[in-house]
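Student: Got a predicted structure plus its sequence, pasted below:
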Amino acid sequence: MATSSSNTVSILQGKGDGTFQPAINYVSGANPQTVVPGHFSGGTLPALAIAQSDQNTVGILMQTKGAPRK
């Protein structure tokens, strides 16, 4: 979930019962608008592409191992 007012992207992991764990927040570039999951580096772990409208850029939040942690 992108939050443009705080320039963050939040990850909400499922608990397996239809509810979510508390959000894990990551600082992104200015004014994140869109978040798209994918495998952008050819690896096996998913990553997130984050479009930042104020900078006309796309940032990649890479997962290094396991579930993302703050």
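Tutor: Yep, it's here.

Student: Starting from the helix or strand of the chain with the lowest mean pLDDT, tell me the next helix or strand along the chain.
Tutor: One helix or strand of the chain scores below all others by mean pLDDT, DSSP states H and E: strand 2-3, with a mean of 80. Downstream of strand 2-3, the next assigned helix or strand under DSSP states H and E is strand 8-11.

Student: what pairs with the strand or helix carrying Val58, and is each one parallel or antiparallel?
Tutor: For Val58, the element it lies in under DSSP H and E is strand 57-62. Looking at strand 57-62 with DSSP bridges, its partner strands are strand 47-52 (antiparallel).

Student: quick one: secondary structure of the residue of the chain most remote from its centre?
Tutor: Farthest-out residue of the chain from its mean C-alpha position, per C-alpha atoms, centre = their mean: Asp17, at 22.1 Å. In three-state terms, and counting by DSSP: H, G, I helix; E, B strand; the rest coil, Asp17 is coil.

Student: hang on, the earlier thing: what pairs with the least confident helix or strand of the chain, parallel or antiparallel?
Tutor: Here strand 2-3 has these sheet partners by DSSP bridges: strand 8-11 (antiparallel).

Student: And the helix or strand that the partner strand is followed by, what does it pack against?
Tutor: Sequence-wise, the next helix or strand downstream of strand 8-11 (DSSP H and E) is strand 24-27. When contacts are defined as 3 or more C-beta pairs under 8 Å, 6 or more residues apart in numbering; DSSP states H and E, strand 24-27 sits against strand 8-11. Yep, even glycine has a C-beta here, placed from its N, CA and C like the rest.

Student: Identify each buried residue in the strand it packs on, please.
Tutor: Neighbour counts over strand 8-11 (16 or more other C-beta atoms under 10 Å) mark 8-9, 11 as buried.

Student: tell me which of those residues is nearest to Val36?
Tutor: Taking C-beta to C-beta as the measure, Val36 lies nearest Val9 of the buried residues of strand 8-11, at 11.2 Å.

Student: so where's this protein shaky on pLDDT?
Tutor: Scanning the chain with the threshold set as pLDDT under 70 gives 66-70.

Student: Any figure for the gap between the closest residue to Gly29 other than its chain neighbours and Pro22?
Tutor: Spatial nearest neighbour of Gly29, chain neighbours left out: Gln52 (3.7 Å); criterion: C-beta to C-beta, 6 or more residues apart in numbering. Distance, Gln52 to Pro22, using C-beta to C-beta, to the nearest Å: 25 Å.
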